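Undergrad: Sequence plus the predicted model coming up.
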Amino acid sequence: MNSTLKVLLRELDRIKRHPRYVIILTLGAIFSYVFFLTLMKEGQPEKLPIAIVDSDGSYLSRRLCHEIEATQGVEVVAVYGSHNEARQAMQQQKIYAFLEIPKGTYSELLDFKTPHISLYANNAYLLAGQLSYKTLITISRLASGAVHREILRKKGVSEDKIMATIQPIVIDSHFISNPWANYQPYVLTTVLPGILGLMVALISIYVFSEEQRLRTIGDWMRTADGKLIPAMVGKLLPYTFLFTMLGIVGNIIFFGFENYVLLGSFWSLTLVYVLYIMAIQSMAIVICVLIGDMHMAICVGAIYTTLAFTMAGFSYPVTSMPPALQGFSLIFPLRHYYLTYVDIALYGAGAKQWLMHMLPLIGFIAAFFIAGLIFNRNFKRGKRYRMLHPEINEPQPPTTDTKCD
Amino acid sequence: MRLAKSLQDIFEVFLIEVKRVLSDGGVILIFFIASLLYPLLFGAIYKNEMVRNVPVAVVDQSKSEDSHRFIQKIDATPEVVVRYRCNTMAEAEQLMKERKINGIVFFPQDYSTSLAEGQQAFVSLFCDMSSFLYYRSVYSGVSAAMLDEMEQVQLRRYASAGVTGESAEEQISPIPFEDVKLYSPGGGFTSFLVPGLLVLVVHQTLFLGIGILFGTTREDRKSLELIPQRLRHKSIYRVNLGRALAYLLLYIPVVAVVLFLIPHWFGLPHIGHIGDILLFLLPFMLATIFFCMTVGSFIRHRDSGILCFFFFSILLVFLSGLVWPQSKMPTFWRHFSYLFPSTHGLQGFIRINSMGARLKDVQFEYIFLWVQAGVYFITNWLMTYLENYRHLKRNELREKIRMQIEMRQANKRKSSK
């Protein structure tokens, strides 16, 4: 324990002397928070630009325009005379959808014929395209409903029966723990831990590569009395602390100020957070041990941590991926964090449930100790070698110090 | 003569840089392996395009013929599959908590009687919001079944109101609408997401690779090695151009695979005019390369670039307007996103490649990318110039001090003699 403390103090001293990376990463994390909190302020995009192609120019088309303007989801930014114009506007991304009302729609309607209107939505942008599509469909239904109502009224059907005839079945939707299908809590609660995880993974690998670059491994090991695991734990602890703090501050903002739904306890989520950060650091060490070359390890670490965003399964569910990739998703701590977060925050599930999802995170930390033992054996072999050849044991002067820039 | 000389210099720098790239394992990993690994993985991950057969539970307290038919219709939709039938809501909620289902459909006791009495009948739907794709599938599956069911009920009701036969059918949908979903007819996730991600992969692998190369040169204190001695620290643009040319040529095969072959292999939208895409990609690549080289000027060590700037990859996905629509971003962030070539590159590429736009439709992006290429070339030149200037000064100073020391020593030797 004592040696862990000594390494910890040594690391804190190093950070104090060269605080550059710690400062940059902290600022980066704050920047990410501000970015996501301000970018999606609306929760769901509102007033998406759409257009109407009005070849009819009748009462009906004007009425539809009014209906559309009354909705939150979309906004008519232009009325075009022809289909081609609207299509071009779509390609220039001025609009996300358009409604085409062919010539003679209203007169056909009056003659009890069935005119057709067409609805075009841009699916190359999924969110915007589908949202505007959904709103336009609702409006078309409403327009149909208005026509219905007039017909039924003429038939002498009573007002309360009219509603029951127009819409006999009503679906009453409940969106669990996110009643307005708000994007912000959905994206932020997983992406931001992901970004912090990415940072902590890279800095964990980096501090090892730095020891290598400055040729201070000997000094580091002497501080740790030659014990490898205290040496690594002491070195990583400051970063565990920093990023856990950043994560907790984030969670306080999310659940305290922004009032995202949190059914379970804040402290169990915090516990999971600490374990998540430690699991990521453990994976970083495992990568270091497996690869050996620190420069290569940091590249691999970068690839690994960015893949976590896809493999966590919060945007595209893991259950819809091919089976081999479903297994692959297990090696990403973010995946387990996301599952536990859903259990605790969205469902308020009991400890039995979320502890199950937390177990893999503990597994990652166990992997760290195994990696430590392997590393230790290799290291001791190296030590014996150095004892036999004392000439290479000389501490080399730091040739490149960080001051050189 | 001058032109020939500068071309020769550029070529020389180009060769050195190509050799440097090909002798660095980390850069090869990023440039040629990661850039291909990501697209292949994305293709495999999003292979199924849509989320189908999402399991739901049904709580049927009405236990009637009507509810039965409705449930069968829900089960028949491609989006949803009825996995459990529960007696109570509590039972279904437990299943939801155990994450065995992603939605609950609840039929109240009076469902069938309301329908029979000609009143509105209510059905409750509970959606899992842990992933929005689950919610979309459950919602659209149940809605589709509901519409189908509703039509039949309406037919009956019209009959009782005295409207029958063909005219009743016309009344039910007085204005039928055709919906055309353009550019990704299935509404699939893959066709929407992956083309944009491919552009970002090109952008970010270039960024990482160049960052590593610049960091390594500085770490080895060889930043000036690339400048041929005969330039005497003048005409620095030759160095910048030579380096950029090296990255551009090395990336031609990568771009060919990532942006042309991958969409073909994975059946992603690729209806763009190939000439237009090539013309569009040229300023995109140049802007990206000069942008990366400018940022690279700030990178002092091999790994610090990855450490300090890499988290931006995730932000770029959102900044580029792929997820959150560009027109709905706060103005500040929209302008901020214009700093990165990836924003216009991604927008333009999606529109040409997935939506079949021509070059004139993406005029704004196209011109902007050329402007970016120009501006970042100048900033890059400036950074290199400053670095050289400082280096020169430092060398001069060093030389002066050396001379003074030598003089002093010589004087000492003289006086001691």
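TA: Cool, got the structure.

Undergrad: My guess is B:Gly141 contacts B:Arg52. True?
TA: No - the criterion here is Cβ atoms under 8 Å, and B:Gly141 misses it with B:Arg52 at 9.3 Å. Just so you know, the C-beta spots here come from the backbone N, C-alpha and C atoms, and that holds for glycine as well.

Undergrad: anything in contact with each of these two?
TA: Listed as contacting both B:Gly141 and B:Arg52 by Cβ atoms under 8 Å, 6 or more residues apart in numbering or on different chains are B:Pro78, B:Glu79.

Undergrad: tell me, how many neighbours does A:Val34 end up with?
TA: By other Cβ atoms under 10 Å in any protein chain shown, the residues close to A:Val34 number 10.

Undergrad: Can you give me the pLDDT of it?
TA: pLDDT recorded at A:Val34 is 94.

Undergrad: State the distance from it to chain B.
TA: 10 Å (Cβ to the nearest Cβ, to the nearest Å).

Undergrad: near chain B, which residues of the stretch 201-350 of chain A?
TA: A:202-203, A:205-206, A:209, A:213, A:293-296, A:298-300, A:302-303, A:306-307, A:309-311, A:313-317, A:320-322, A:325, A:339, A:342-343, A:346-347, A:349 (Cβ under 8 Å from any Cβ of the partner chain).

Undergrad: what about burial for those residues, which qualify?
TA: Buried positions within these, assessed by neighbour count (16 or more other Cβ atoms under 10 Å in any protein chain shown), are A:202-203, A:205-206, A:209, A:213, A:294-296, A:298-300, A:302-303, A:306-307, A:309-311, A:313-317, A:320-321, A:325, A:339, A:342-343, A:346-347, A:349.

Undergrad: circling back: looking at B:Gly141 and B:Arg52, which is more packed in?
TA: In this view B:Gly141 and B:Arg52 are compared by other Cβ under 10 Å, and B:Gly141 has more residues nearby, 26 against 14.

Undergrad: elements contacting the helix or strand that contains the more buried one?
TA: Using DSSP states H and E, B:Gly141 sits within helix B:132-160. Contacts defined by 3 or more Cβ pairs under 8 Å, 6 or more residues apart in numbering or on different chains; DSSP states H and E place helix B:132-160 against helix A:159-166, strand A:169-175, strand B:54-60, helix B:65-76, strand B:80-86, strand B:103-107, strand B:121-127, helix B:165-172.

Undergrad: Compile those into CSV and extend it with columns for mean pLDDT.
TA: Shown next, in CSV, are the helices and strands packed on helix B:132-160 (pLDDT from 0 to 100):
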stretch, mean pLDDT
helix A:159-166, 75
strand A:169-175, 83
strand B:54-60, 93
helix B:65-76, 90
strand B:80-86, 92
strand B:103-107, 93
strand B:121-127, 90
helix B:165-172, 61
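
Undergrad: What segments of the stretch 201-350 of chain A are helices?
TA: For the stretch 201-350 of chain A, the helices defined by DSSP state H, counting those that start in this stretch occupy A:217-223, A:228-251, A:266-291, A:294-311, A:323-328, A:333-341.

Undergrad: Mind giving me the packing neighbours of the last one?
TA: Right, helix A:333-341. Short answer (3+ Cβ pairs under 8 Å, 6+ apart): helix A:333-341 packs on helix A:183-213, helix A:266-291, helix A:294-311, helix A:351-388.

Undergrad: now the shortest one against helix A:266-291, angle please.
TA: In terms of direction (axes from the mean of the first three to the mean of the last three Cα atoms, to 10 degrees), helix A:294-311 departs from helix A:266-291 by 140 degrees.

Undergrad: How about the first one?
TA: Angle of helix A:183-213 versus helix A:266-291, following the same axes, to 10 degrees, is 40 degrees.

Undergrad: Can you give me the buried ones in helix A:183-213?
TA: Those would be A:183-211, A:213, for helix A:183-213 by 16+ other Cβ under 10 Å.

Undergrad: What count of nearby residues applies to residue 137?
TA: Because you didn't say which chain, this covers chain A. Neighbour tally, A:Ile137, other Cβ under 10 Å: 15.

Undergrad: My question was about chain B, not that one.
TA: 26.

Undergrad: Surely it is in contact with B:Val54?
TA: Yes - using Cβ under 8 Å, B:Ser137 makes contact with B:Val54 at a distance of 4.6 Å.

Undergrad: Now for those two: what residues contact both?
TA: B:Glu79, B:Val80, B:Asn102.

Undergrad: By neighbour count, which of these wins?
TA: In the shared contacts of B:Ser137 and B:Val54, the most neighbours by other Cβ under 10 Å go to B:Asn102, 27 neighbours.

Undergrad: I figured that one hits B:Phe126, correct?
TA: No - using Cβ under 8 Å, B:Asn102 makes no contact with B:Phe126, being 9.7 Å away.

Undergrad: shared neighbours, those two?
TA: B:Met96.

Undergrad: domain parsing for chain A?
TA: With domains defined by automatic domain parsing, chain A comprises A:2-40+A:182-395, A:48-166.

Undergrad: Lowest mean pLDDT across these, which one is that?
TA: Among the domains of chain A, domain A:48-166 carries the lowest mean pLDDT (a mean of 78).

Undergrad: Give me the distance from it to the chain's centre.
TA: Between the centre of domain A:48-166 and the centre of its chain there are 35 Å (Cα atoms, centre = their mean, to the nearest Å).

Undergrad: Look up how far chain A lies from B:Met129.
TA: For B:Met129 relative to chain A (Cβ to the nearest Cβ), the value is 4 Å.

Undergrad: From B:Arg238, how far off is B:Ala244?
TA: Separation of B:Ala244 from B:Arg238 (Cβ to Cβ, to the nearest Å) stands at 11 Å.

Undergrad: Counting neighbours, go ahead and name the busier of the two.
TA: More crowded of B:Ala244 and B:Arg238, by other Cβ under 10 Å: B:Ala244, with 25 against 22.

Undergrad: got a list of what the more buried one touches?
TA: Counted by Cβ under 8 Å, 6+ apart, B:Ala244 has contacts B:Leu286, B:Ile289, B:Phe290, B:Met293, B:Phe377.

Undergrad: And the fourth one, how close does it get to B:Leu339?
TA: Yep, that's B:Met293 we're talking about. 15 Å.

Undergrad: ok, the two, which is more surrounded?
TA: Ranked by neighbour count (other Cβ under 10 Å), B:Met293 and B:Leu339 place B:Met293 first, with 26 against 12.
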